[in-house]
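In: got a predicted model here, sequence first, then my questions.
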Amino acid sequence: MEKLSFINKIIYAVNVVVATLLVLSLVLPYLPPKTFSVLSVLNLGVSFLVFVNALFFVYWLIKLKKQMILSLTVLLIGYFTFGSLYKFSSSKKIESPENIKIMNYNVRLFNLYEWLPEKGIETKIVDFIKTESPDVLSVQEYHPHQNINLSFFKYKYEHLSGKKTKYGQAIFSKYPIINSGSVEFPDTPNNAIYADIVKGKDTMRIYNIHLESLRINTKVESLKNENSERLFKRIGTTFKMQQFQTELFLMHKKQCHYKMVICGDFNNTAFSYVYRKIKGDLNDTFKEAGNGFGRTHDFKYFPLRIDFIFADDAFSVNGFKTYNKHYSDHYPIMTTLSLAD
């Protein structure tokens, strides 16, 4: 620090803080939110912290200062721990008559309350799904809207709650569903549902998880107007609920011996405790066959990937796509799987 100007000393001090926050956020997936609920908020900002540390690294590199080592070190730690935020490889796509296309989509009640000013959103969602023609569709925030016709799926299981407005989760399938049910989460409309689907001689279980929502407006203007202490406390409480919901789900999952695919809106990122626990030794299909940032939530300032499809080793991951269809506050994702030989 002896050769830095006063301004650069201030810049480096900020650099140290941001680097420390990034290191903390990389450790948090291994720590239960019940113990570190407030700190767990950092999970949501990992992509932002990576970007800022990259800017600091470039700044010190241009100036040929050894201070660049700090951000470079934490960026390397993050890369070797969790991989790159951005997948540079082109999407993997293998065509096969045995392929199974599975889509996950939080449809936000098909725009029932007109969050988006555009008319006919519900029919556009249905038309999109029909065009992409998934074999299995996992839906969060499903609502049996009068204009919704998904009859091109022969089989379905839905689990709805609410008195005046019915909503919940649903699984649609072109293959027979022989068993289905729900993993109930207490004191919330969120839950996990499952359907056992038969394709040929194989039976597979599809889980559809919707973990507790943050219940905040993720537009930056709204966040600025909310008391930061109250906001952090509320998010921390939500993350503790997500941990409890994850524990309930994992107890149920442990009893299943079928080939398995887990879909869902986790309301948390790939740098979170709940992501790490639910994924376990399953394959994240985006990491296996996707590209880009893989963002699944409409947040203006940096990409958030909070919707996932995991598959166990019984499946080969032959493709993955994130769609840029703005019919909800989430973007649909679809993976193409085949049963491994």
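Out: Thanks, I have the structure now. Numbering: from 1, shown residues only.
In: tell me how many other residues crowd Ala340.
Out: 12 (other C-beta atoms under 10 Å). For glycine as for every other residue, the C-beta is placed from the backbone atoms N, C-alpha and C.
In: and it, how far from Phe51?
Out: The gap separating Ala340 from Phe51 is 37 Å, by C-beta to C-beta, to the nearest Å.
In: next: Gly290.
Out: Where Phe51 is concerned, Gly290 sits at a distance of 20 Å (C-beta to C-beta).
In: looking at those two, which one has more neighbours?
Out: Using other C-beta under 10 Å as the criterion, Gly290 and Phe51 rank with Gly290 on top: 24 against 14.
In: the more buried one - nearest residue in space that isn't next to it in sequence?
Out: Phe320 (3.9 Å; C-beta to C-beta, 6 or more residues apart in numbering).
In: okay, the host helix or strand of the one you found in CSV with CA atoms only?
Out: Assessed by DSSP states H and E, Phe320 sits inside strand 315-322. C-alpha atoms of strand 315-322 as CSV (Å, rounded to 0.1, in the frame of the first residue of the first chain):
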residue,chain,number,x,y,z
PHE,A,315,-30.2,-40.0,-17.6
SER,A,316,-27.9,-38.6,-20.3
VAL,A,317,-28.4,-34.9,-20.6
ASN,A,318,-28.7,-34.2,-24.4
GLY,A,319,-29.8,-30.6,-24.4
PHE,A,320,-30.8,-27.5,-22.4
LYS,A,321,-32.4,-24.2,-23.3
THR,A,322,-33.3,-21.1,-21.4
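In: how far does the helix or strand following it sit from its chain's centre?
Out: Where DSSP H and E defines the elements, the next helix or strand beyond strand 315-322 is strand 333-339. In this view, strand 333-339 has its centroid 16 Å away from the chain centroid, taken as C-alpha atoms, centre = their mean, to the nearest Å.
In: which helices and strands does strand 333-339 pack with?
Out: strand 100-106, helix 285-289, strand 307-311, strand 315-322 (3 or more C-beta pairs under 8 Å, 6 or more residues apart in numbering; DSSP states H and E).
In: go again using 10 Å as the cut-off
Out: strand 100-106, strand 136-142, strand 202-210, strand 259-265, strand 283-284, helix 285-289, strand 307-311, strand 315-322 (3 or more C-beta pairs under 10 Å, 6 or more residues apart in numbering; DSSP states H and E).
In: ok, the fourth one: who's next to it in the sheet?
Out: Translated: strand 259-265. strand 202-210 (parallel), strand 307-311 (antiparallel) (DSSP bridges).
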